[in-house]
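A.B. asks: How does the following fold in three dimensions:
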Amino acid sequence: MQAAKARARELLRRQQPFAWNATNITRALRRQLVDLFSAYGARVCIGYVEVPYAELPTRNRHRPAAVPEKVLQRLLRRLDVPDPTEAQRVEWVYQV
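C.D. replies: Residues are numbered from 1 along each chain as shown. Coordinates of the predicted model:
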């Protein structure tokens with residue numbers, strides 16, 4: 001994580017656009033990154049992708065490293081769906 005943040009700082013200093021691809025399920029986790037990016041004057045867009053609940057087990061089984069069911073359920077209970085106040089732009093994509 002520290003190496004990724006250091007790389008992000010390099011790109012931010014050069015004002016180069018980049019995507020931070022991570023599963024940040026809580027607002028607090030996202031806030032840390034948004035604050036970092038905003039401190040450099042970056043415009044931040046959060047992209048949230050959701051699939052139907054019934055599709056999750058199938059997708060999980062097809063991952064190279066499946067997430068244990070108990071862990072998946074715990075993550076889902078903790079999920080804070082992003083809201084429009086968290087960044088300059090928030091996009092929601094619902095896959096069917």
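
A.B. asks: Contacts only, for the nearest residue to Phe37 once chain neighbours are set aside.
C.D. replies: Residue nearest to Phe37 in three dimensions, not counting chain neighbours: Val44, with 5.1 Å by C-beta to C-beta, 6 or more residues apart in numbering. The way it works is simple: take the backbone N, C-alpha and C, and place the C-beta from them, glycine included. Val44 makes contact with Val34, Phe37, Ser38, Ala87, Gln88, Arg89, according to C-beta atoms under 8 Å, 6 or more residues apart in numbering.

A.B. asks: and the gap between Val44 and Pro84?
C.D. replies: To Pro84, Val44 is 12 Å away according to C-beta to C-beta, to the nearest Å.

A.B. asks: and what of Ile46?
C.D. replies: Taken as C-beta to C-beta, the span from Ile46 to Pro84 is 9 Å.

A.B. asks: Strands along this structure, start to end?
C.D. replies: Taking DSSP state E as the test, the strands found in the chain are 45-50, 89-94.

A.B. asks: would TSV of those with distance to Glu10 be doable?
C.D. replies: Shown next, in TSV, are those (distance: least, C-beta to C-beta, whole Å):
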stretch	distance to Glu10
strand 45-50	20
strand 89-94	23
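
A.B. asks: Show me the contact partners of stretch 68-78.
C.D. replies: By C-beta under 8 Å, 6+ apart, stretch 68-78 touches Thr23, Ile25, Thr26, Leu56, Pro57, Asn60, Val67.
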